[in-house]
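Student: The amino acid sequence is not available; the structure is as follows:
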């Protein structure tokens, strides 16, 4: 299952109680950053728990193209011998980032202040996504950008020979924009400052500090002000990647909606900038116990014990959206099995993800018997405690859409199919065997 595979239809059927342990793959966001910062360090970075999905593998290939030496030692275990800040070599070929918006935007930032040129491309889905939100601030450093109409891929960046530091306020809540600017700021003299009015996932800040960069975060009247001192010598670090809370959302959701279920999900990241779904689920009445709370690799983690629950609709405030932006598709499924209205606010970013996720979920859920309405910035599901099912949902080359509808089919009255399950490999290559081992009827 790769982003270049032939369409792979899948069907999920009403299942008996789900039981067992769901060992989720490593966090995708942290895996991307571990490879990139390892490549920007001098010496060897050892990574364990790396997500070996297609998105992350494409980032590993890109780091090799820029001159880093990367070797897979075993399952999830990798080493990166980096070239240092400003040490990227000009790649010989085009950098293909597949389906990964995170990968392409962070890599653009990492090379934009080095005097080399690189051309970036991706699959059909990624090529529709806007890149101007990242290339615009990168041009402030002094790089030159050439792009297709609408500032879409393919994009060629001629890195700045004499970069200048930047002070930039993000126009939307986006960890990708923030991270691209910070990574560009590594090879700019002086201090690069990013201001965000709403906090977004902070893996880049945590990891930069871990690798030895001088970086501070201050809450002011302007918002969250992150200041990075440029031209550090990053020191290689062992990185233990925690399990991905966005991937964990799918077996967690399945256990909540399939009667009689009880599963354990060990070692899931509880980073507060990624925890919005779990806060929301508890508000809905979800029976989730957070056990053995601890810190691993600079990230808070916990073991989750999840049982089938009677859920009620809630309103998710806009200020929580950034901390759960990837989880709204599966939340919209869970909301169908709750009683009452679930209102999701501040979700405009979903319009420009791998697909228009609001439209994709609304269309697919309505086809399967749900009552859903939306605006540009909100989505409302009228929960009735169940879902009829019986229809095929279009995934639009989007892994989270595919997994969301397959989870829905496990508790719907009739089976639910997706037109293409192959994109799931980008973030959760073991999704199918993991869910089947819990008792899910998906094929």
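Tutor: Perfect, I can see it now. This structure is a prediction, so every number in the text was calculated from the model and none was measured.
Student: Pull out the buried residues from stretch 21-28.
Tutor: 22, 24, 25, 26, 27, 28 (16 or more other CB atoms under 10 Å). Glycine gets a C-beta too; all of them are placed from N, C-alpha and C.
Student: wait, residue 29 sits on residue 200?
Tutor: No: using CB atoms under 8 Å, residue 29 is not in contact with residue 200, being 10.5 Å away.
Student: neighbour count winner among these two?
Tutor: residue 29 (27 against 24; other CB atoms under 10 Å).
Student: Do you know the pLDDT at that one?
Tutor: pLDDT recorded at residue 29 is 94.
Student: I'd like to know how far the nearest residue to residue 150 once chain neighbours are set aside sits from residue 172.
Tutor: Nearest residue to residue 150 in three dimensions, chain neighbours excluded: residue 130, at 6.9 Å (CB to CB, 6 or more residues apart in numbering). Note on residue 130: its distance to residue 172, by CB to CB, to the nearest Å, is 11 Å.
Student: now swap in residue 324 and tell me
Tutor: Taken as CB to CB, the span from residue 324 to residue 172 is 16 Å.
Student: More neighbours: which of those two?
Tutor: Between residue 324 and residue 172, counting by other CB under 10 Å, residue 324 is the more crowded of the two (25 against 14).
Student: sec struct for residue 343, please.
Tutor: strand (DSSP: H, G, I helix; E, B strand; the rest coil).
Student: wouldn't it be in contact with residue 378 here?
Tutor: Yes: counting by CB under 8 Å, residue 343 does reach residue 378; the two are 6.6 Å apart.
Student: which of these two has more neighbours?
Tutor: Per other CB under 10 Å, whichever of residue 343 and residue 378 has more neighbours is residue 378, with 18 against 15.
Student: Name all residues that make contact with the nearest residue to that one once chain neighbours are set aside.
Tutor: Using CB to CB, 6+ apart and skipping the chain neighbours, the partner closest in space to residue 378 is residue 345 (5.1 Å). Taking CB atoms under 8 Å, 6 or more residues apart in numbering, we find residue 345 in contact with 315, 316, 317, 318, 321, 377, 378.
Student: same question, residue 247
Tutor: 24, 25, 28, 427, 428, 431.
Student: In JSON lines, list those along with secondary structure and distance to residue 281.
Tutor: Listed next are the contacts of residue 247 as JSON lines, based on DSSP: H, G, I helix; E, B strand; the rest coil; distance: CB to CB, whole Å:
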{"residue": "24", "secondary structure": "coil", "distance to residue 281": "16"}
{"residue": "25", "secondary structure": "coil", "distance to residue 281": "21"}
{"residue": "28", "secondary structure": "helix", "distance to residue 281": "20"}
{"residue": "427", "secondary structure": "coil", "distance to residue 281": "20"}
{"residue": "428", "secondary structure": "coil", "distance to residue 281": "19"}
{"residue": "431", "secondary structure": "helix", "distance to residue 281": "20"}
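Student: Lowest pLDDT pick from those?
Tutor: residue 427 (90).
Student: unless I'm mixing things up, residue 381 is touching residue 339, no?
Tutor: No: using CB under 8 Å, residue 381 makes no contact with residue 339, being 11.4 Å away.
Student: coming back round to it: what subset of the contacts of residue 345 is buried?
Tutor: 316, 318, 321, 377, 378.
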